[in-house]
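Take a look and give me a structure for this.
(chains A and B)
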There are 2 protein chains.
Amino acid sequence: MVGRAIAMDLVHDHSVTSFDLDATNLEKLKQDDPRIQTVAADLSHFDEYPNWLTTFDTVVTAVPGFMGYKTLEAVINSGKDVVDISFFPEDALQLDKLAKQKNVTAITDCGVAPGMSNFIIGRYNEEMKITSVECYVGGLPASPQAPFFYKAPFSPVDVIQEYLRPARLVENGVVVTRPALSEKEIIYFDEVGELEAFNTDGLRSLIFTMNHIPDMKEKTLRYPGHADLIIAMKQAGFFDIAPLRIEEKDISPLDFTSKLLVNQWKLNEGEEEFTVMRVTARAKNKTIEYNLLDRYDKTTNTSSMARTTGYTCTAAVNLIAKKMFQEKGVFPPELVGKDKTCFEFVVDYLKSRNVVWKKSGS
Amino acid sequence: MVGRAIAMDLVHDHSVTSFDLDATNLEKLKQDDPRIQTVAADLSHFDEYPNWLTTFDTVVTAVPGFMGYKTLEAVINSGKDVVDISFFPEDALQLDKLAKQKNVTAITDCGVAPGMSNFIIGRYNEEMKITSVECYVGGLPASPQAPFFYKAPFSPVDVIQEYLRPARLVENGVVVTRPALSEKEIIYFDEVGELEAFNTDGLRSLIFTMNHIPDMKEKTLRYPGHADLIIAMKQAGFFDIAPLRIEEKDISPLDFTSKLLVNQWKLNEGEEEFTVMRVTARAKNKTIEYNLLDRYDKTTNTSSMARTTGYTCTAAVNLIAKKMFQEKGVFPPELVGKDKTCFEFVVDYLKSRNVVWKKSGS
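Numbers count the residues shown, from 1 in each chain, chains lettered A, B, ... in the order given. Modelled structure (predicted):
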């Protein structure tokens, strides 16, 4: 989904080749824009990367999280500059040394959140002594329906994993861990109304790169009622991994529930969704706030999730292509955003695609 | 569970024989009171009833609902007086003609609710022109735990079926059907606090025998929060019958959920529970209210559910044994309770076992 938006955006100014395991996906992509070249390939054959990538200048990696780290490693090993949005659980900075050796620029976690939030924090960290950072983000259906008031652009099991993984936040300079879905609060957003916000493990690289900021938290936004139902289901055991014996089969409640929620949480063809996000950086006498409200694009049938994630990624590709960012190594976006020209380029790039970040604060 | 309480109560004044499929259950019962005779038998062999029942005066039928009607029919066919608490879905009054032919007294639905509520309505229907009837009843754990705040003395699937079956109530003289769990309200009960009440299909025979009363409703009581979670799970499809394909098996979400809830809803050995109930009958210038709060009996390890259901049943057995109720045919308790002596006997019988109904009103 996001890969399509990325390819269709880049092909306006670049020669683009998309790789995918599924030839049908590639066929559809060619129909959307015949200029896009395609290669059907199993991207888990990491030893083939040097051959596959020879003719390219820059690579975008947008693969399932479980194979993200190895994919990024293989691209760096091939000596190609790369922007990654695979959001894998491993620490990308462990590839920093390899990237420097290979003379490669790698920008990681370069979507909307993580991604744009990191650019903003990185930028204002240069301007002021930040004392606290808050990031609120949600991707939500335009017409929410009971009981979850939610649709997932990803597989339900990936969303549920986010709800099970303990959330790390920073308080008074110390990394603390809270249960996912904890510290629920209600926040008002223009044009959207009241949403609930709760802890999820979204700070990622900021915990390490911005470890001088004493307070940082990231919270996920949902329509009110979602978190309580998820918590109740968790308590009731519907997300348990230990199997239940039924019909002579061992079936994990998590697997069963994930399967059952596929239909509940599936965005229908053309169903409208939106991204709402607020990033706040506070210093002693100054507060900077960036707000985003981005909606499904009916004309190109592109989800807001794909737009906000994909166009942040393509902005970074252009930073590399235009030689605006030439440092070698692995860089989460906060280390790119510290450069004012780079940051403003990304914001303008998004704005020209109608992904409009509104800055306020004083 | 209820059968044990019934046998142990009746054996004080009568010669008692308990039938069960499971010899282990019977062995435990004999340990509890060696005076109880036992017969291990498959009670679905209805043609054997005449042989089995020859030597008995009165029979109590307390079998799973699905085989309740046929069991009652077989007992009546054997020419034995009977009190039934099997709560089967069929209409027991269809056996009225057979019971009259066989010269049998059959008192049906003779537990706490249905049962005691029917006795009360039947009684006051003789005293005043009832304009409305309300019955609130719940069996609840003494230490409720999130997320359901509930434990079931029955199999979860039986409770869920109650939550799926449309509820019939009477409004302005017309039988109307509402979804189960609808019209939730919060009601305060002494010593218990606030509980939620919602529609369930509990009026049963009253809909027909009391069809001159213009307004009647029966609601189930739970700790607040229970109904919303059940409704959400229903909406999410966790009670769907149509199977989901998983691990090459077709598994019904209802089966899976029922299985998962067995552990969640199981009363632990010795876990305290209670029964709370309120029956209100209104006439133009008069309101009669009966309240019950009955608790788990630690000394005999008898649940309140077994006490309130079982002792109402044994009271009726004694009405027959003492020839206080001698009419022939099938009688739901409202048709027995219209007799003041019978009604007062039942109330006193329960009181002597510390199941105390408190009457109020004017």
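
tell me which parts of the stretch 1-150 of chain A are close to chain B?
A:146, A:147, A:148 (Cβ under 8 Å from any Cβ of the partner chain). Yep, even glycine has a C-beta here, placed from its N, CA and C like the rest.

Please name the residues that touch the closest residue to residue A:309 other than its chain neighbours.
Of all residues beyond its chain neighbours, the one nearest residue A:309 is residue A:111 (3.8 Å), with distances taken as Cβ to Cβ, 6 or more residues apart in numbering or on different chains. By Cβ atoms under 8 Å, 6 or more residues apart in numbering or on different chains, the residues touching residue A:111 are A:2, A:85, A:87, A:308, A:309, A:310, A:312, A:313.

Pull up the per-residue confidence for the fourth one.
To tie it back to what came earlier, the one meant is residue A:308. pLDDT, residue A:308: 98.

Can you tell me the closest non-neighbouring residue to it?
Spatial nearest neighbour of residue A:308, chain neighbours left out: residue A:112 (3.9 Å); criterion: Cβ to Cβ, 6+ apart.

can you confirm residue A:191 is in a helix?
No: applying DSSP: H, G, I helix; E, B strand; the rest coil, one finds residue A:191 to be coil, outside a helix.

Touching, residue A:177 and residue A:168? I think so.
Yes: assessed by Cβ atoms under 8 Å, residue A:177 is found in contact with residue A:168 at 5.5 Å.

sec struct for residue A:87, please.
The three-state label given to residue A:87 by three-state DSSP is coil.

can you map out the strands along the stretch 251-362 of chain A?
Using DSSP state E, counting those that start in this stretch, the strands of the stretch 251-362 of chain A run over residues A:273-283, A:286-295, A:329-331, A:357-361.

Can you tell me which of these is nearest to chain B?
strand A:273-283 (19.3 Å; Cβ to the nearest Cβ).

re the thing from before, in helices, which of the contacts of residue A:111 fall?
A:2, A:308, A:309, A:310, A:312, A:313 (DSSP state H).

which among those residues gets closest to residue A:209?
Nearest to residue A:209 out of those is residue A:312 (Cβ to Cβ; 17.5 Å).

Is it correct that that closest one is in contact with residue A:346?
Yes: counting by Cβ under 8 Å, residue A:312 does reach residue A:346; the two are 6.8 Å apart.

okay, and the common contacts of those two?
Going by Cβ under 8 Å, 6+ apart, residues that sit against residue A:312 and also against residue A:346 are A:116, A:119.

related to what we said a few turns ago, give the bridge partners for the residue nearest to residue A:308, please.
Note on residue A:112: beta-bridge partners by DSSP bridges are residue A:115.

how many other residues sit next to it?
Neighbour count for residue A:112, taken as other Cβ atoms under 10 Å in any protein chain shown: 26.

State the distance from it to chain B.
28 Å (Cβ to the nearest Cβ, to the nearest Å).

That residue: what's it in contact with?
Neighbouring residues of residue A:112 by Cβ under 8 Å, 6+ apart: A:137, A:275, A:277, A:292, A:305, A:308, A:309, A:312.

wait, doesn't residue A:190 sit right on residue A:293?
Yes: counting by Cβ under 8 Å, residue A:293 is a contact partner of residue A:190 at 7.2 Å.

More neighbours: which of the two?
Ranked by neighbour count (other Cβ under 10 Å), residue A:190 and residue A:293 place residue A:293 first, with 18 against 9.

Could you check what's spatially nearest to the more buried one, not counting adjacent residues?
Using Cβ to Cβ, 6+ apart, the nearest residue to residue A:293 is residue A:276, at 5.5 Å.

Fine by me, thanks again.
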